[in-house]
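Engineer: Have a look; sequence and predicted model below, questions after that.
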Amino acid sequence: MHILLDNAGIHHAKTVKIRAEELDIYFIYLSPYSPGLNPIESGWKDLKRDLSNIFDFDKIIKSCEGVVLDLSGERRQGYSRYWMEELISAEN
């Protein structure tokens, strides 16, 4: 299995690398300071936008649940397309 990661410190922790190796997991690290190449960044951006005008706690929870559930559907496909376009343009 391959996992795409940004360069957060925890992703470079020795214990994480050892456990990943035991589980036959390989890490692929993005270039430093390249949030545009990290697909989850689009999800965080959308979540922040969706929550920015909600001030009721219960509505915030419902909105979060909706976004997370939607990540398995249309949003995920959109993020994937966007990510591939960004990756291809970064390569050129």
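Structural biologist: Structure received.

Engineer: residues in contact with the residue most central in space within the chain?
Structural biologist: Centroid-nearest residue in the chain: Ile40, 1.9 Å away (criterion: CA atoms, centre = their mean). Ile40 makes contact with Tyr79 under the criterion CB atoms under 8 Å, 6 or more residues apart in numbering. From N, CA and C alone the C-beta is placed, and that goes for glycine too.

Engineer: For stretch 75-87, which outside residues touch it?
Structural biologist: 36-40, 42-43, 46, 67, 70-71.

Engineer: Now with 7 Å, please.
Structural biologist: 36-37, 39, 42-43, 46 (CB atoms under 7 Å, 6 or more residues apart in numbering).

Engineer: that's a strand at Ser31, yeah?
Structural biologist: No: read with DSSP: H, G, I helix; E, B strand; the rest coil, Ser31 is coil and lies in no strand.

Engineer: Tell me how the chain divides into domains.
Structural biologist: 1-33, 34-92 (automatic domain parsing).
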